[in-house]
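Q: here is a sequence together with a model predicted from it:
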Amino acid sequence: MRPLPELTPENTAFWTGGAEGKLMIAFCADCRHAIHPPQLICPKCWNDKVESRAVPGTGTVYTYTVNHQPWAPGMAVPFALAVVDIDGAPGVRVTAEVVNADPESVAIGQTMKVGFLNIDDIWFPRWEPAQ
């Protein structure tokens, strides 16, 4: 069982954007700074005009790990988690499970595209190789 995040005014777009196939990232409406995790105030200019917008849904693996430990009963192993630099959102990295690939094939610098896993009202981002 995967724990579900609590939806808040600042994070709802991120966790529900997958319903429309969109990776939603918060941006400051004033200085255009990309903000992740989502916040109500821009950490760069302190403006409270923060809005979420869709980014391309692609990026490059910054780092990754392959997990071989079943941390919960019934958890399938091995699996890979990747930290991906997000195209269109400078400085933002999103960590998520890698799917549709052998976990041992994930590599730093690899191009990924986002997909989503829906559980209740939450759409978890998941990465898969872009090629």
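A: Now that the structure is in, tell me what you want to look at. Numbering: from 1, shown residues only.

Q: please, which helix or strand holds the spatially most central residue of the chain?
A: With distances taken as C-alpha atoms, centre = their mean, residue 94 lies nearest the centre of the chain, 3.8 Å away. Per DSSP states H and E, residue 94 falls inside strand 93-98.

Q: mind checking how far that strand is from the chain centre?
A: On the basis of C-alpha atoms, centre = their mean, to the nearest Å, strand 93-98 sits 5 Å off its chain's mean C-alpha point.

Q: now stretch 40-53
A: That offset, for stretch 40-53, works out to 19 Å (C-alpha atoms, centre = their mean).

Q: which parts of the strand holding residue 94 are buried?
A: Buried residues in strand 93-98, counted by 16 or more other C-beta atoms under 10 Å: 93-94, 96-98. C-beta here means a position set from N, CA and C on the backbone, and glycine is covered the same way.

Q: same thing with stretch 11-29?
A: For stretch 11-29, the neighbour count (16+ other C-beta under 10 Å) marks 11-18, 22-28 as buried.

Q: start to end distance for it?
A: End-to-end span of stretch 11-29 (C-alpha to C-alpha, to the nearest Å): 16 Å.

Q: rounded mean pLDDT for that stretch, please.
A: Average pLDDT, stretch 11-29: 98.

Q: how long is stretch 42-55 end to end?
A: End-to-end span of stretch 42-55 (C-alpha to C-alpha): 18 Å.

Q: show me where the protein has helices.
A: Ranges of helices in the chain, per DSSP state H, are 12-16.

Q: where along it do the strands fall?
A: 23-28, 34-35, 50-55, 58-67, 79-86, 93-98, 111-119, 122-129 (DSSP state E).

Q: can I get those in a markdown table including distance to residue 42?
A: Shown next, in a markdown table, are the strands of the chain (distance: least, C-beta to C-beta, whole Å):
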| stretch | distance to residue 42 |
| --- | --- |
| strand 23-28 | 4 |
| strand 34-35 | 6 |
| strand 50-55 | 6 |
| strand 58-67 | 22 |
| strand 79-86 | 17 |
| strand 93-98 | 18 |
| strand 111-119 | 24 |
| strand 122-129 | 22 |
